[in-house]
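Visitor: fold the following, please.
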Amino acid sequence: MYQNYIFDLYGTLIDIHTDERSKNFFKQYVKWLRKQGIYFDWKLFYKLYTTIEKGHRDRAAKAGKYTNPEIKIEVVLNEILKTKGYEIPEDQIYFLCQNFRTISTIYMSLFPDTFACLEELKKAGKKIYLLSNAQRSFTWQELEMTGLIPYFDGILISSDEGCMKPDPEFYNICCERYHLQKSESVMIGNELMSDMAGAKAAGIDGFFINRCPVFHAPKEPIYKYVSKNGSLLEVPAQTLR
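Guide: I've put the predicted structure just below:
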């Protein structure tokens, strides 16, 4: 029986849609920056952001420390600001990143069965962990807003660790930090090639939450469990036996 339940966040517990790549978003963000006393032409900011972010990701990949490295968006934004001579304190950079996320968010809400699933696992005495491909400066405010933080016995965010799913090392860090036995742990997520593939590579059972309208069972699934209709309530129903 499992003692440790490791959850993905976006698409699993939180339903979210963001726009962090469109020109319209960058126009809005640069307009907001002006209110903070930071002046950029949106086209320049857009070019710098895409170029500098790619550069950091390329260098992280070339370093070869992880199969799926992650970067910090704060570093990218700070580098952009320095091109025009802005020297911004660390806490202010974090604030600018938080609002980068806020402005780019189209909608965000918990899935209807998120709390019910977590409550049932807690009542059963299980430990709950979060393993999220995310930026801390984006995600922590959303964890606070949704009230999810008290449910977790441990939280790992990829920007803090320098690697992300499906890198098995991300799972290994979680297990080592919180002294988890892999045989007693299960990964719950909605992404086959991220959550489930990473869990399998790390030697952890997977529980696939199918969020697609139609479910097509693969001939050789890489997960042990599946909720065909995307219900989180299937997690305790299938594993607390």
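
Visitor: count of neighbours near F100?
Guide: For F100, the neighbour count with other CB atoms under 10 Å is 23. The way it works is simple: take the backbone N, C-alpha and C, and place the C-beta from them, glycine included.

Visitor: what's the answer for F208, then?
Guide: When neighbours are defined as other CB under 10 Å, F208 has 25 of them.

Visitor: who touches the host helix or strand of it?
Guide: Here F208 sits within strand 205-209, counting by DSSP states H and E. Contacts with strand 205-209, where a contact means CB atoms under 8 Å, 6 or more residues apart in numbering, come from 2, 12, 185-190, 192, 195-196, 199-200, 221-227, 230-232, 234-235, 238-239.

Visitor: so which of these are in helices?
Guide: 199-200, 234-235, 238-239 (DSSP state H).

Visitor: make JSON lines out of those and add neighbour count and distance to P89.
Guide: Shown next, in JSON lines, are those (neighbours: other CB atoms under 10 Å; distance: CB to CB, whole Å):
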{"residue": "A199", "neighbour count": "30", "distance to P89": "39"}
{"residue": "K200", "neighbour count": "19", "distance to P89": "43"}
{"residue": "E234", "neighbour count": "20", "distance to P89": "46"}
{"residue": "V235", "neighbour count": "24", "distance to P89": "42"}
{"residue": "Q238", "neighbour count": "14", "distance to P89": "49"}
{"residue": "T239", "neighbour count": "19", "distance to P89": "46"}
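
Visitor: that older thread, any idea how far the strand holding F208 is from the chain center?
Guide: What separates the centre of strand 205-209 from the centre of its chain is 17 Å, taken as CA atoms, centre = their mean, to the nearest Å.

Visitor: now that strand: mean pLDDT?
Guide: Average pLDDT, strand 205-209: 98.

Visitor: mind checking the longest helix of the chain?
Guide: Every helix in the chain considered (DSSP H), the longest is helix 42-63.

Visitor: that helix packs against which elements?
Guide: With contacts defined as 3 or more CB pairs under 8 Å, 6 or more residues apart in numbering; DSSP states H and E, helix 42-63 has these neighbours: helix 23-35, helix 73-82.

Visitor: pick the most deeply packed of these.
Guide: With neighbours taken as mean count of other CB atoms under 10 Å, those reach their highest mean count in helix 73-82, at a mean of 19.

Visitor: give me the phi and psi for the residue lying farthest from the centre of the chain.
Guide: Within the chain, the residue lying farthest from the chain centre (CA atoms, centre = their mean) is G85, at 31.6 Å. Dihedral angles of G85 (phi, psi; degrees, to the nearest 10) stand at phi 80, psi 10.

Visitor: and it, how far from F208?
Guide: Counting by CB to CB, to the nearest Å, the gap from G85 to F208 is 49 Å.

Visitor: ditto for K65
Guide: From K65 across to F208, the span is 29 Å (CB to CB).

Visitor: for L180, same thing?
Guide: In this view, L180 and F208 are 20 Å apart by CB to CB.

Visitor: go on, Y86?
Guide: Applying CB to CB to Y86 and F208 gives a distance of 45 Å.

Visitor: swap in Q28?
Guide: On the measure of CB to CB, Q28 and F208 end up 36 Å apart.

Visitor: circling back to that earlier point, mind listing which of the contacts of strand 205-209 are in strands?
Guide: Secondary structure from DSSP state E places 185-189, 225-227 of those in strands.

Visitor: thinking again about what came up before, dump the longest helix of the chain to CSV, restricted to CA.
Guide: The C-alpha trace of helix 42-63 is given here as CSV (Å, rounded to 0.1, in the frame of the first residue of the first chain):
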residue,chain,number,x,y,z
TRP,A,42,7.5,46.2,-26.2
LYS,A,43,9.2,44.9,-29.3
LEU,A,44,12.6,45.3,-27.7
PHE,A,45,11.4,43.6,-24.5
TYR,A,46,9.9,40.8,-26.5
LYS,A,47,13.1,40.3,-28.5
LEU,A,48,15.3,40.4,-25.4
TYR,A,49,13.0,38.0,-23.5
THR,A,50,12.9,35.3,-26.2
THR,A,51,16.6,35.6,-26.9
ILE,A,52,17.9,35.6,-23.4
GLU,A,53,15.5,32.9,-22.2
LYS,A,54,16.6,30.6,-25.0
GLY,A,55,20.2,31.4,-24.3
HIS,A,56,19.8,30.3,-20.7
ARG,A,57,18.0,27.1,-21.6
ASP,A,58,20.6,26.3,-24.3
ARG,A,59,23.5,26.7,-21.8
ALA,A,60,21.7,24.7,-19.2
ALA,A,61,21.2,21.9,-21.7
LYS,A,62,24.8,22.1,-22.9
ALA,A,63,26.1,21.8,-19.3
